[in-house]
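> Here is my input; please provide its structure:
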Amino acid sequence: MTRDRILIVEDEKELCSSIRLSLELNKFEVISAENGKEALSLIWNEPVDLILCDINLPDINGLEILEKVRNDKKLYQTPFVFLSAYSEEADIRHGMNKGADDYLTKPFSIKDLVKTINSRIMIHRKKSEFHNAEINDKWFKLLGDNFKKEFLNPLNGIVNATYLIESTGINFEPKDFTDTITAIYHSSFRMFRNTRNLMMYSTLSTQKFVAKDTNTESIFIADILNQILDYYNNGITNNFNPIHVKAELTDKWRGHAEYINIIFTELIDNAVVYDVHGKTPEVILKARGKGFEFSVTNNIDVDTYFELKDVGQFRKFHKDDNINGMGIGLYICKELCAQLGYRLSMIIDNNKITFTVICN
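Purely as a prediction, here's the structure:
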């Protein structure tokens, strides 16, 4: 059976050794550090189940360690318990407000220490179980409600169209051949977009993606936009009215072509799919300083309302679930913009919704 791993951060060597021995006798695996720098090096390289941390340390104090842990994507959920003296009550209250899970005042009994550790680890694991169960439920619902529309239907269209070409051969009428190729093209695009979104969602969720660290390139943003618009203006979603576009940015710009493509595609697709009253979305791309401003506006139902903070994975806002997609497109846009340092905003006014992306 795997033992729970505890990190002790304590500069008093005798106290640290005493706590370590007591915890090892209670079947815990223990590592220790005498200062904050050593502690951070340990936990960034060796995951732990709980951190016991003194407040007053010779270099980085316990409050700073807590802040770094809570701001780290891999460590932020790690249970954190302060070891304090009576004189540090104000610091303890500050630490609890910053996200500490508990504290023990010196001197404390080993019984209280072990009880606190077990309690905090159990609470953490219960929260993780509930979170994982919630994500799994959403995945199952995604596959049940949306997989057919988003994946099986386009794939079925490709299979049927290619079978028709194969079975008809040279007797294919030119118009029928063009229509069939167009159907394959549209279905393939849908499959490509959905697959790309799932892959990007998976990458973002596993915290392996840092867009700021990727290489940029000189690109024509207007060309990326025009390519996307070609998909939609050629009837990809049965919307045969051209999208109204105003593109003023024609110069080259240094950026991430793939991520720009994803952001533009998802915001335009969202506008096309959810636009009401038969009106077409409005797209604007213009220069802004050394960067750009991109916005998409479409009509929405009168009772549709949400805020940008409400956008999350598998969150769907249309009242007709038959129209809703997988529920990750806007979430991916939101996360990509945050990673790239772009400003994403959303305004709902007079039954219209406008998403704006600004890069300076």
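> rest of the way, CA atoms for contacts and neighbours
Will do.
> Could you tell me the end-to-end distance of stretch 284-299?
End-to-end distance for stretch 284-299: 15 Å, by Cα to Cα, to the nearest Å.
> Contacts made by it with the rest, please.
Outside stretch 284-299, the residues that touch it by Cα atoms under 8 Å, 6 or more residues apart in numbering are 222, 245-249, 253, 267-268, 271-272, 274-277, 279-283, 351-360.
> For PyMOL, write a command that selects the buried ones of those residues.
In PyMOL, this line selects whichever of the contacts of stretch 284-299 come out buried by 16 or more other Cα atoms under 10 Å:
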select buried, resi 222+247+249+253+267+268+271+272+274+275+276+280+281+282+283+352+353+354+355+356+357+358+359
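> Next step: the contacts of stretch 284-299 restricted to helices.
Assignment to helices by DSSP state H places the following of the contacts of stretch 284-299 there: 222, 267-268, 271-272, 274.
> Which single one of these is nearest to residue 346?
Lowest distance from residue 346 to the ones in helices among the contacts of stretch 284-299 (Cα to Cα) belongs to residue 267, with 11.0 Å.
> just so I have it, where are all the strands in the stretch 151-300 of the chain?
Secondary structure of the stretch 151-300 of the chain by DSSP state E, counting those that start in this stretch: the strands cover 217-220, 244-247, 252-255, 282-288, 291-299.
> And the last one, how far out from the chain middle?
The chain centroid and the centroid of strand 291-299 are separated by 21 Å under Cα atoms, centre = their mean, to the nearest Å.
> Please apply the same query to the third one.
Mean-position distance between strand 252-255 and its chain equals 25 Å (Cα atoms, centre = their mean).
> Tell me the helices and strands packed up against it.
strand 217-220 (3 or more Cα pairs under 8 Å, 6 or more residues apart in numbering; DSSP states H and E).
> got the buried residues for the strand it packs on?
Of the residues in strand 217-220, those buried by neighbour count under the rule 16+ other Cα under 10 Å are residue 220.
> Out of the strands of the stretch 151-300 of the chain, which is closest to residue 70?
Across those, closest to residue 70 is strand 252-255 (Cα to Cα), at 30.5 Å.
> which of the residues in that closest one are buried?
Buried positions in strand 252-255, judged by neighbour count with 16+ other Cα under 10 Å: 253, 255.
> pLDDT at residue 12, what is it?
Looking at residue 12, its pLDDT is 91.
> Okay, now the unreliable bits of this protein?
By pLDDT under 70, the low-scoring segments of the chain are 1, 86-88, 138-146, 169-170, 206-216, 234-242, 250, 277-278, 302, 319-324.
> Against which helices or strands is the lengthiest helix in the chain packed?
Across the chain, the longest stretch assigned as helix under DSSP H is helix 110-145. The helices and strands touching helix 110-145, judged by 3+ Cα pairs under 8 Å, 6+ apart, are helix 13-25, strand 102-105.
> Are there helices or strands packed against whichever helix or strand comes after that helix, and which ones?
The C-terminal neighbour of helix 110-145 among helices and strands, as given by DSSP states H and E, is helix 147. Under the contact criterion of 3+ Cα pairs under 8 Å, 6+ apart, helix 147 touches no helix or strand at all.
> Spit out the contact partners of the closest residue in space to residue 280 that isn't next to it in sequence.
Residue nearest to residue 280 in three dimensions, not counting chain neighbours: residue 243, with 5.5 Å by Cα to Cα, 6 or more residues apart in numbering. Taking Cα under 8 Å, 6+ apart, we find residue 243 in contact with 229, 232-233, 280-283.
> what's the closest of those to residue 136?
Nearest to residue 136 among those is residue 232, at 32.7 Å by Cα to Cα.
> and the gap between that closest one and residue 186?
9 Å.
> What of residue 217?
Relative to residue 186, and taking Cα to Cα, residue 217 is found at 29 Å.
> Sounds good, over and out.
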